[in-house]
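Trainee: missing the sequence, but the structure's below:
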């Protein structure tokens, strides 16, 4: 089936103005995830914040109870015993100055970057390369830490980093279409709960405006927020 016809069919029986309860929204998204690969289920949230103001920034991490379904490649900046610890914990890439040179050259075959505090002198110089890709280690996100074992475990277990974009939108993959409806619901609730707890002091009025659910290639459905937060 051609892509246009497939998407048109996927939109059938969807009321674009309706707000669906979470269980039904998940069911409908999974039914319409008909690509030849295991589509990612994504949550998009419109928040009542202006991230241009420091007191309205929304940023953090959440460990999803059922993981993301994605294999995370983790790079760790460390030396000596900490480098050995990182390797033992399952890091995919471990290094110091040598790793910095690879990153500077554009070799970034990893999804998460962790650094021990003593490495930040080296890593700090990579901000222009790692920053735009959301890979810059940050103490607030637990990716600048002496406890590399726990940071690697969390990344591999399905920890998701989130950061609000300029228009007040925040989004993330929260699982795969092959997940059970129950697993997806638990992951979505955990993600939305983390956003709720990250509400900044400068947010006025309605904080969570809209929440939508979709798969990689499928249509988006608006979700009734109470069915998530009170479900």
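Mentor: Cool, the structure landed. What you see is a predicted model; the values in this text were computed from it and never measured. Residues are numbered from 1 along each chain as shown.

Trainee: can you confirm residue 173 is in a helix?
Mentor: No. Assignment of residue 173 by DSSP: H, G, I helix; E, B strand; the rest coil gives strand, placing it outside any helix.

Trainee: that one against residue 160, yeah?
Mentor: Yes. Between residue 173 and residue 160 there is a contact under Cβ atoms under 8 Å: 7.5 Å. Just so you know, the C-beta spots here come from the backbone N, C-alpha and C atoms, and that holds for glycine as well.

Trainee: any residues in contact with both of the two?
Mentor: Both residue 173 and residue 160 are contacted by residue 68, under the criterion Cβ atoms under 8 Å, 6 or more residues apart in numbering.

Trainee: and the helices in this protein?
Mentor: 3-11, 22-31, 80-88, 97-104, 120-123, 127-130, 148-157, 181-197, 226-229 (DSSP state H).

Trainee: give me the residues contacting the fourth one.
Mentor: Just to be clear, that refers to helix 97-104. 75, 77, 93, 95, 108, 122, 123, 125, 126, 129, 130.

Trainee: model confidence over that helix, on average?
Mentor: Mean pLDDT, helix 97-104: 95.

Trainee: may I see the buried residues of it?
Mentor: Using 16 or more other Cβ atoms under 10 Å as the test for burial, helix 97-104 gives 99, 100, 103.

Trainee: how about the fifth one?
Mentor: Going by neighbour count (16+ other Cβ under 10 Å), the buried part of helix 120-123 is 122, 123.

Trainee: about what we covered before: out of the helices of the chain, which gets nearest to residue 209?
Mentor: helix 181-197 (11.8 Å; Cβ to Cβ).

Trainee: now do the closest one against helix 22-31, angle only.
Mentor: Orientation check (axes from the mean of the first three to the mean of the last three Cα atoms, to 10 degrees): helix 181-197 against helix 22-31 gives 120 degrees.

Trainee: which helices and strands sit right next to helix 181-197?
Mentor: Applying 3 or more Cβ pairs under 8 Å, 6 or more residues apart in numbering; DSSP states H and E, one finds that helix 181-197 contacts helix 22-31, strand 40-47, strand 59-63, strand 159-163, strand 169-176, strand 208-215, helix 226-229.

Trainee: buried set for it?
Mentor: Within helix 181-197, the residues that count as buried by 16+ other Cβ under 10 Å are 183, 184, 185, 186, 187, 188, 189, 190, 191, 192, 194, 195.

Trainee: dump the residue contacts of residue 163.
Mentor: Counting by Cβ under 8 Å, 6+ apart, residue 163 has contacts 57, 58, 59, 134, 170.

Trainee: gap between the closest residue in space to the third one that isn't next to it in sequence and residue 126?
Mentor: The one in question is residue 59. Nearest residue to residue 59, sequence neighbours excluded (Cβ to Cβ, 6 or more residues apart in numbering): residue 163, at 4.6 Å. Noted for residue 163: a distance of 18 Å to residue 126, by Cβ to Cβ, to the nearest Å.

Trainee: quick one: average pLDDT of stretch 23-34?
Mentor: Confidence for stretch 23-34, expressed as mean pLDDT, is 94.
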